[in-house]
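> Dropping the sequence and predicted coords here.
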Amino acid sequence: MIRLENLSKIYHVKGQRKCVADQVNAVFPSGVSVGLLGRNGAGKSTLLRMIAGTSKPTDGRIVSDGSISWPVGFSGSFHGDLTGAQNIRFVARVYGVDAEYLVDYVRDFAELGMHFHLPVRTYSSGMRSRLAFGVSMGVRFDTYLVDEVTSVGDANFKKKSEAVFLDRMRSAGAIVVTHSMPMIRRMCTMGAVLEGGKLTLFDDIDAAIAQHEANLAAASAR
């Protein structure tokens, strides 16, 4: 369970105030995959970062009774001078995971070949994302935070990534951000729509998608 209590997040950009969360109160149930929907710039990724603990709210708090992943696929914390394997060993120590297991899992999953033992600074953005997704799936969490992660790689890799993610969802929950409505329908049973700093939860994913599409249509009409 993840509970948002009077959660607010306000930015000031070039002298302008932007509110992406305005006194939000919501509960994401345990073991449920929730599709987080919203227009571009609504603050979906910011909300994920706050839930992950990598961005602080302006006000309010987030309470959880289980473990929460970093945003799945996030590669910003990798040390560029360390190899892929060395970075994974470091993550394993931080999260108390067997290092040999995690190295073997990510090496097989990410399909980086010889690059796995080269410094991460030599990787392309796609290679970094594949490494990051592999690490994310190799560490077990109660809730996974997912931000467009299965868009990485070719068709076969996307298919494999989605299959592994769905397997994890048999024993965990997730909050998923993606622009692909077919993917949202495959991955999620509940939905949440972020609009104008307000978050509305829907027990039915199709109802959430309908509200999101209505918000898009209204914005286009203005």
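That came in fine, so what should we check first? Numbers count the residues shown, from 1 in each chain.
> can you map out the strands along this structure?
In the chain, the strands defined using DSSP state E lie at 2-13, 16-28, 33-37, 59-64, 68-72, 143-147, 173-177, 190-195, 198-202.
> Lowest average pLDDT across those strands?
The minimum mean pLDDT among the strands of the chain belongs to strand 68-72 (a mean of 85).
> that older thread, most packed of the strands of the chain?
strand 33-37 (a mean of 27; mean count of other C-beta atoms under 10 Å). C-beta here means a position set from N, CA and C on the backbone, and glycine is covered the same way.
> Need the contact partners of that strand.
Contacting residues not belonging to strand 33-37 are listed as 28, 44, 47-48, 169, 173-178, 184, 187-194, 201, 205, 208-209, 211-212 [C-beta atoms under 8 Å, 6 or more residues apart in numbering].
> State the distance from Gly15 to Glu5.
30 Å (C-beta to C-beta, to the nearest Å).
> scratch that, Thr58 is what I was asking about
In terms of C-beta to C-beta, Thr58 sits 13 Å off from Glu5.
> ditto for Gly113
According to C-beta to C-beta, Gly113 and Glu5 sit 47 Å apart.
> in this structure, what spans have low per-residue confidence?
73-76, 149-153 (pLDDT under 70).
> longest single helix anywhere in it?
helix 205-221 (DSSP state H).
> Quick one: list the elements packing against it.
Counting contacts by 3 or more C-beta pairs under 8 Å, 6 or more residues apart in numbering; DSSP states H and E, helix 205-221 packs against strand 33-37, helix 181-187, strand 190-195, strand 198-202.
> buried stuff in that helix?
Applying a neighbour-count criterion of 16 or more other C-beta atoms under 10 Å, one finds 205, 208-209, 211-212, 215 buried in helix 205-221.
> Turn those into a markdown table, including distance to Asp147.
Below are those laid out as a markdown table (distance: C-beta to C-beta, whole Å):
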| residue | distance to Asp147 |
| --- | --- |
| Ile205 | 18 |
| Ala208 | 17 |
| Ile209 | 18 |
| Gln211 | 20 |
| His212 | 16 |
| Asn215 | 20 |
